[in-house]
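Asker: prediction below, plus the sequence it came from.
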Amino acid sequence: MEPLPFDSTFSISSLPGLLTSWTRPTYESVAIFGGFILFLGIGSHLIPGRKVQGQPLIHDPTKRLTYKTNGLSLFFALIAFYYFGSVHLKWFEPTLVYDHFGSIWTTVNIFATALTIYLFITGISSGRGKRHGNLLHDLFLGVELNPRMFGLDLKFFSLRPALMGWIMVNFSLAAQEIKVYGSLSTSMLLYQIFTFIYAFDYFFFEEYMLSTWDIIAENWGFMLIWGDYVWITFAFAVQPWFLLYNRFDLTPIQMLVISIIFAVGFYVFRVANAQKHQFKTNPRALIWGKPPQTINGKLLVSGFWGILRKPNYLGDWIVAFSFSFPCLFNSPIVYLYPMYLVILNSHRQWRDHIKCSKKYGKVWDEYCKRVPYVVIPYVI
């Protein structure tokens, strides 16, 4: 067994070195990322899938965009290509992403920046985009709500390379651990299972994304573009890097406790999102076996939404921390993603509160009295 090609004392200070020591894009990194995007783009067109209408557009409520929800089939097609291409056909190594990680990271950053500039120029020149007067603001937050290219809604599509890319990074790091040690540690195995379930769930319920704030209201600028292609794909994979550098096994009790925490969070996250989506698409559908209760017919106060204003955030937070718990508490860097998510969702909740207060007025005040807690019962 070959020794690990890195220092065994991996910590938060190691990450800058990992990236700055591999800064130059290569032909291989461009081919890997370009082939990945091409595979997903062509697959999004060719693989059968149900066509679903999105929510009414903010700037024109009489119109809805149509989306093809074939993400789950595409997800499994990618996994099959990765497995057969690396294991059976020997086209590439299972550790491909690990082997070219730094140059791929740089390549994707350049791509995200170039795409931001391109969409800004085409959005303004075509008249589809709307300037807000500040160049940096417009580049960062975007000028167009639903940019499309090659028949794809880029905002909706880009969550595919984001989450699928994250899983490919995870798989490649797992393959490297098997290459070096001959097996996966129980900590790495638990992390891989949790993240695969999370990605599988997203694509199984891909249609639910169409009723989220990102799709409905957020322009697509550098914040979301870089967030999709770089942040999700690479920053979400800090834990397997740590576990690769610091291999250890969890005890059966630790695995059981962490799995229960994950299951509880996942249940709250999935059911809360399903209730919200169901109410938006079919307001008369039963929730927990009863007709939904609302305030003024607009604000749902049934199911988890009658307990918290953001129950999906609570579930998502628990799941996010569950991704890091297999690393135990050996380094703060492994909690980068859950802490980022808490900050992001807290800011979004604040923005939502201001927006809804202006939109609904006294109805919103009544709603806040009816559902006083935002994300943690009896706390906040």
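Answerer: Now that the structure is in, tell me what you want to look at.
Asker: worst-scoring helix or strand of the chain, pLDDT-wise?
Answerer: helix 14-20 (a mean of 53; mean pLDDT, DSSP states H and E).
Asker: gap between L173 and F222?
Answerer: Distance from L173 to F222, counting by CB to CB, to the nearest Å: 27 Å. C-beta: built from backbone N, CA, C; applies to glycine.
Asker: got the CA positions of stretch 65-80 in PDB?
Answerer: Presented in PDB, the C-alpha positions along stretch 65-80 are these (Å, rounded to 0.1, in the frame of the first residue of the first chain):
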ATOM      1  CA  LEU A  65     -41.900  28.600 -17.600                       C
ATOM      2  CA  THR A  66     -41.700  24.900 -18.400                       C
ATOM      3  CA  TYR A  67     -39.000  22.700 -16.900                       C
ATOM      4  CA  LYS A  68     -38.000  19.100 -17.700                       C
ATOM      5  CA  THR A  69     -37.500  17.200 -14.400                       C
ATOM      6  CA  ASN A  70     -35.200  14.400 -15.400                       C
ATOM      7  CA  GLY A  71     -32.500  15.100 -12.900                       C
ATOM      8  CA  LEU A  72     -32.800  11.700 -11.100                       C
ATOM      9  CA  SER A  73     -32.300   9.700 -14.300                       C
ATOM     10  CA  LEU A  74     -29.400  12.000 -15.300                       C
ATOM     11  CA  PHE A  75     -27.900  11.500 -11.800                       C
ATOM     12  CA  PHE A  76     -27.900   7.700 -12.200                       C
ATOM     13  CA  ALA A  77     -26.600   8.000 -15.800                       C
ATOM     14  CA  LEU A  78     -23.700  10.000 -14.500                       C
ATOM     15  CA  ILE A  79     -22.900   7.500 -11.700                       C
ATOM     16  CA  ALA A  80     -23.100   4.600 -14.200                       C
END
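Asker: what are the buried residues along that stretch?
Answerer: By neighbour count on 16 or more other CB atoms under 10 Å, the buried set for stretch 65-80 is 65, 67-72, 74-75, 77-78.
Asker: same question, stretch 122-134
Answerer: Applying 16+ other CB under 10 Å to stretch 122-134 flags 123, 129 as buried.
Asker: now the strands for the stretch 251-380 of the chain?
Answerer: Ranges of strands within the stretch 251-380 of the chain are 294-295, 299-300, based on DSSP state E, counting those that start in this stretch.
Asker: ditto for the stretch 51-200 of the chain
Answerer: Here the stretch 51-200 of the chain has its strands, by DSSP E, counting those that start in this stretch, at 66-69, 148-149, 152-153.
Asker: okay, those strands in CSV with distance to D228 next?
Answerer: Output for the strands of the stretch 51-200 of the chain, formatted as CSV (distance: least, CB to CB, whole Å):
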stretch, distance to D228
strand 66-69, 16
strand 148-149, 14
strand 152-153, 13
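Asker: picking up where we left off before, now the element after the least confident helix or strand of the chain, going C-ward?
Answerer: Tracing the chain past helix 14-20, the next element assigned as helix or strand by DSSP states H and E is helix 27-46.
Asker: flag every buried residue along that next one.
Answerer: Within helix 27-46, the residues scored as buried using 16+ other CB under 10 Å are 29, 32-33, 36-37, 39-41, 43-44.
Asker: of L173 and F222, who's got more company?
Answerer: Using other CB atoms under 10 Å, the more surrounded residue of L173 and F222 is L173, with 24 against 20.
Asker: which pLDDT value belongs to that one?
Answerer: In this prediction, L173 carries a pLDDT score of 96.
Asker: quick check: it vs N296, distance?
Answerer: In terms of CB to CB, L173 sits 50 Å off from N296.
Asker: what's the answer for D365, then?
Answerer: Applying CB to CB to D365 and N296 gives a distance of 11 Å.
Asker: go on, E206?
Answerer: Counting by CB to CB - E206 and N296 are separated by 31 Å.
Asker: who has more neighbours, those two?
Answerer: E206 (24 against 11).
Asker: nearest spatial neighbour of that one, chain-adjacent residues omitted?
Answerer: Spatially, and ignoring its direct neighbours in sequence, E206 is nearest to G71 (4.3 Å; CB to CB, 6 or more residues apart in numbering).
Asker: assign V230 to helix, strand or coil.
Answerer: Under DSSP: H, G, I helix; E, B strand; the rest coil, V230 falls in the helix class.
Asker: show me the contacts for it.
Answerer: Taking CB atoms under 8 Å, 6 or more residues apart in numbering, we find V230 in contact with 105, 108-109, 112.
Asker: could you list the domains of the chain?
Answerer: Domain assignment for the chain by automatic domain parsing gives 1-247, 250-380.
Asker: for stretch 332-351, output the C-alpha coordinates as CSV.
Answerer: Output in CSV follows, covering the C-alpha atoms of stretch 332-351 (Å, rounded to 0.1, in the frame of the first residue of the first chain):
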residue,chain,number,x,y,z
PRO,A,332,-13.6,23.4,13.2
ILE,A,333,-13.0,23.3,9.4
VAL,A,334,-15.4,20.3,9.0
TYR,A,335,-18.2,22.5,10.2
LEU,A,336,-17.7,25.1,7.5
TYR,A,337,-20.8,24.0,5.6
PRO,A,338,-23.3,23.9,8.4
MET,A,339,-22.1,27.2,9.9
TYR,A,340,-22.4,28.8,6.5
LEU,A,341,-25.9,27.4,6.1
VAL,A,342,-27.0,28.8,9.5
ILE,A,343,-25.7,32.3,8.5
LEU,A,344,-27.2,32.1,5.0
ASN,A,345,-30.6,31.0,6.2
SER,A,346,-30.6,33.5,9.0
HIS,A,347,-30.0,36.3,6.5
ARG,A,348,-32.7,34.9,4.2
GLN,A,349,-35.2,34.7,7.0
TRP,A,350,-34.5,38.3,7.8
ARG,A,351,-35.0,39.3,4.2
